[in-house]
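Trainee: build me a model:
(one chain, ligands or ions: 1)
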Amino acid sequence: MTAAYDVVQVASLGPQFDERLAASCRVLQAWREPRGLAAFSEELRGLRVAVTSVRHGFTRSMFDALPGLQAVCSWGVGHDTLDLRAAAARGIRVSVTPDVLDDCVADLAWALLLSAARRTAVGDRYVKTGQWRALGQFPVATRVSGKRLGVLGLGRIGEAIARRGAGFDMEVRYHNRSPRPQSPYGYEASLTDLAAWADFLVVACVGGAATRHLVDAQVIRALGPQGILVNIARGSVVDQAAALAALRSGELGGAGLDVLEQEPTDAAEFAELDQVSLMPHVGSATRETRAAMAELVYDNVTEFLRTGRLLTPVPDREMQA
Ligand code: DGY
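Mentor: This is a model prediction of the structure:
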């Protein structure tokens, strides 16, 4: 007897994607059920491919529920919510959506950097709420051009952020687990030294246990009262309590954060901090990039069903990490 479905979708990736996938292969749309995979039994047996998103994740119990699973195709570049160990233990391949979002995430890092330095979000409120007329001149802010840019994590997104620094006549250095020999940027073996050198420190490394609180109180102090911290990676990389304490005491100059330790949040603890610009985790959220990400998930699924190969697999070394 042939299986009724080939693909299980545990998260919706939007009506356009969902309809397109359902039109081209046999898809069990488990996300329609409030209980998810737990609502099914026999239907799960023959399933070869699962579709999810980095927001929804893919847990060990999901792997356990799918005995015939061969591949997981996830929307998003991050894989901190996908249980890669469970996948590797069973030889299940995992794909994510790299490359297509690099430019938009880098653009947002710069939007936050500029907003934190030049106070554009505060200035917007200043004009719209009548303070310009009532109070007069807006306070002076921090210069960006010609300053020093430190990048934590010189992967594809970190590179795109660093490249944009040239347009602002900035010197760029970076910190990674190991130096990138071909890189035109200076390597700092110590993150604290990078922070002490930099005017702006942009966090662009992967999330997960290995990078948790890498930006700690010591790194934040090294960045200093004139320094600005930008995070477009994962909230977990920054010790948020330490950052908040340093922002309140003036030990850290400012911050631009697209990601926080708890998401979503009303971020009440940031409400009084005009030196902080926040965004609700939207690095890749442009129409063009979101369409490209969905397209890449679709292409990974159909390629795997046809050839048994994924187009953008998580590299083996990261599967084992
Ligand atoms: C990613 O692609 O990992 C983004 O953070 C998802 O929004």
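Trainee: ok, D83 touching V72?
Mentor: No - shown here, D83 and V72 do not form a contact pair, counting by Cβ atoms under 8 Å, at 9.4 Å. Glycine gets a C-beta too; all of them are placed from N, C-alpha and C.
Trainee: up against the ligand, what does the stretch 201-321 of the chain have?
Mentor: In this structure, the stretch 201-321 of the chain approaches the ligand at residues H281, G283, S284, judged by Cβ under 6 Å from any ligand atom.
Trainee: most neighbours among these, which one is it?
Mentor: Of all those, the most densely surrounded is G283 (25 neighbours; neighbours counted as other Cβ atoms under 10 Å).
Trainee: tell me who's in contact with it.
Mentor: In this structure, G283 makes contact with L101, C104, V105, L108, A109, I232, D258, V259, judged by Cβ atoms under 8 Å, 6 or more residues apart in numbering.
Trainee: and those residues, which is closest to the ligand?
Mentor: Top of the list for closeness to the ligand, among the contacts of G283 and by Cβ to the nearest ligand atom, is L101 at 5.9 Å.
Trainee: so for that closest one, what's the pLDDT?
Mentor: What the model reports for L101 is a pLDDT of 98.
Trainee: got the contact list for it?
Mentor: For L101, counting by Cβ under 8 Å, 6+ apart, the contacting residues are V77, I157, G283, S284, T289, A292, M293.
Trainee: of these, closest to the ligand?
Mentor: Within the contacts of L101, proximity to the ligand (Cβ to the nearest ligand atom) peaks at V77, which comes in at 4.0 Å.
Trainee: so what's the closest one up against?
Mentor: Contacts of V77 (Cβ under 8 Å, 6+ apart): V54, V96, T97, P98, L101, I157, S284.
Trainee: and the helices in the stretch 51-200 of the chain?
Mentor: In order along the chain, the stretch 51-200 of the chain carries the following helices (DSSP state H, counting those that start in this stretch): 60-65, 84-89, 102-118, 120-128, 131-135, 156-166, 191-197.
Trainee: redo these as a markdown table? Include mean neighbour count and distance to P181.
Mentor: Listed next are those as a markdown table, based on neighbours: other Cβ atoms under 10 Å; distance: least, Cβ to Cβ, whole Å:
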| stretch | mean neighbour count | distance to P181 |
| --- | --- | --- |
| helix 60-65 | 16 | 37 |
| helix 84-89 | 16 | 27 |
| helix 102-118 | 22 | 21 |
| helix 120-128 | 14 | 38 |
| helix 131-135 | 11 | 51 |
| helix 156-166 | 21 | 14 |
| helix 191-197 | 19 | 18 |
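Trainee: okay if I get those as JSON lines plus distance to Q226?
Mentor: As requested, those are exported to JSON lines (distance: least, Cβ to Cβ, whole Å):
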{"stretch": "helix 60-65", "distance to Q226": "45"}
{"stretch": "helix 84-89", "distance to Q226": "39"}
{"stretch": "helix 102-118", "distance to Q226": "10"}
{"stretch": "helix 120-128", "distance to Q226": "18"}
{"stretch": "helix 131-135", "distance to Q226": "25"}
{"stretch": "helix 156-166", "distance to Q226": "18"}
{"stretch": "helix 191-197", "distance to Q226": "12"}
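Trainee: out of these, flag the one nearest the ligand.
Mentor: Evaluated over the helices of the stretch 51-200 of the chain, closeness to the ligand peaks at helix 102-118, with 7.6 Å, by Cβ to the nearest ligand atom.
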